[in-house]
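>>> Sequence plus predicted model, see below.
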Amino acid sequence: MLTRIYEELFEYFGEQNWWPAETEFEVIIGAILTQQATWKQVEKSIENLKKENLLSAKNLATGDVRHVQKLVRSSGFYKQKSKRIINLSKYLVGKYGGDLKKFFDKPVEELRKELLEMNGIGKETADSIILYAADKLIFPVDAYTFRIFERIGFISGKDYDNLQQLVQNELKKDLKIYGEFHALLVKLGKTFCKTTPVCGECPIKECEYRRN
DNA sequence: ACCCAGGTGGCCC
DNA sequence: GGGCCACATGGG
């Protein structure tokens, strides 16, 4: 069933090519900045950081908090987010010399646990980083994914690990497919499956919501 | 003017 | 373990 939905989405929306970033570090920063914010807002912040040459763990680790606050302001929650990306950078420099290859070089579960210990990194952010930056097989679940699968009638309630398992058990274990599926669900959510639904041209035929 | 966005952490029960 | 709430800018 999920594979079928994946194919419907891919056919309707086309390839999404996530994550939009030039470097692995940029994926990490973007993943934190985009929490409860739109990608448009994050793009501005990323651009600002890039101009100031702050998109590397070593440089950001020594960045001035007030300065970084101004640069990421557009992403919202800018005080906590600036503190968090600087702290994370310090950690990466302190423990891995800022070398992400070393940071990522461990089993998925170990990497996930390490990420979740960081302040400001929860399950979705951790899993996004693991999938899109570390290139390891794990499926990120976000608010759209919950909403869509709930309306389809596939789940009830918001159990992250449960939904993640459901997807991972059914979907072909392939990095490209995991990455595309997550991106396509976000695309679907933004387009048709908003808080107040606009089902109209939605490509998901098996959705319970439109039948009722 | 209100609602929402590619969440997370803290506090309460 | 679940149910609130603060965190904040910017677009519809």
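Received it, and whenever you're ready, just let me know what you need. Computed from a predicted model, the values in this text were never measured in an experiment. Numbering: from 1, shown residues only, chains lettered A, B, ... in the order given.

>>> Report pLDDT for the residue nearest to A:Gln35 when sequence neighbours are not counted.
Once flanking residues are discounted, A:Gln35 sits nearest to A:Thr125: 6.6 Å by CB to CB, 6 or more residues apart in numbering. Just so you know, the C-beta spots here come from the backbone N, C-alpha and C atoms, and that holds for glycine as well. Looking at A:Thr125, its pLDDT is 98.

>>> again, but for A:Ser75
Looking at A:Ser75, the pLDDT reads 98.

>>> cool, the one 4 residues further on as well?
pLDDT, the model's per-residue confidence, is 98 for A:Lys79.

>>> I'd say it and A:Val68 touch.
No. Here A:Lys79 lies out of contact with A:Val68, judged by CB atoms under 8 Å, at a distance of 10.1 Å.

>>> still on that earlier bit, what about the host helix or strand of the residue nearest to A:Gln35, near DNA strand C?
Under DSSP states H and E, the secondary-structure element containing A:Thr125 is helix A:123-132. No. Applying CB under 7 Å from any atom of the strand, one finds helix A:123-132 separated from DNA strand C by no less than 12.1 Å.

>>> Which neighbouring elements make contact with the very next helix or strand once past that helix?
Once helix A:123-132 ends, the next helix or strand along the chain (criterion: DSSP H and E) is helix A:143-152. Judged by 3 or more CB pairs under 8 Å, 6 or more residues apart in numbering; DSSP states H and E, helix A:143-152 is in contact with helix A:160-170, helix A:175-191, helix A:208-211.

>>> Let me see the mean pLDDT of helix A:143-152.
96.

>>> how about it as PDB, C-alpha atoms only?
C-alpha atoms of helix A:143-152 as PDB (Å, rounded to 0.1, in the frame of the first residue of the first chain):
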ATOM      1  CA  ALA A 143       3.700  16.500  11.200                       C
ATOM      2  CA  TYR A 144       2.600  16.100   7.600                       C
ATOM      3  CA  THR A 145       3.300  12.400   7.700                       C
ATOM      4  CA  PHE A 146       1.200  12.000  10.800                       C
ATOM      5  CA  ARG A 147      -1.700  14.000   9.400                       C
ATOM      6  CA  ILE A 148      -1.700  12.300   6.000                       C
ATOM      7  CA  PHE A 149      -1.500   8.800   7.300                       C
ATOM      8  CA  GLU A 150      -4.200   9.600   9.900                       C
ATOM      9  CA  ARG A 151      -6.500  10.800   7.200                       C
ATOM     10  CA  ILE A 152      -5.800   7.900   5.000                       C
END
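
>>> residues of it that come out buried?
Residues of helix A:143-152 classed as buried: A:144-152 (neighbour count, 16 or more other CB atoms under 10 Å).

>>> Check chain A for its longest helix and report it.
Across chain A, the helix with the greatest residue count (assigned by DSSP state H) is helix A:78-96.

>>> What are the buried residues along the helix or strand following that helix?
Toward the C-terminal end, the helix or strand that comes next after helix A:78-96 (DSSP H and E) is helix A:100-104. Within helix A:100-104, the residues that count as buried by 16+ other CB under 10 Å are A:100, A:103-104.

>>> now these in CSV, with pLDDT and distance to DNA strand C?
Converted to CSV, these look like this (pLDDT from 0 to 100; distance: CB to the nearest atom of the strand, whole Å):
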residue, pLDDT, distance to DNA strand C
A:Leu100, 98, 26
A:Phe103, 98, 26
A:Phe104, 98, 27
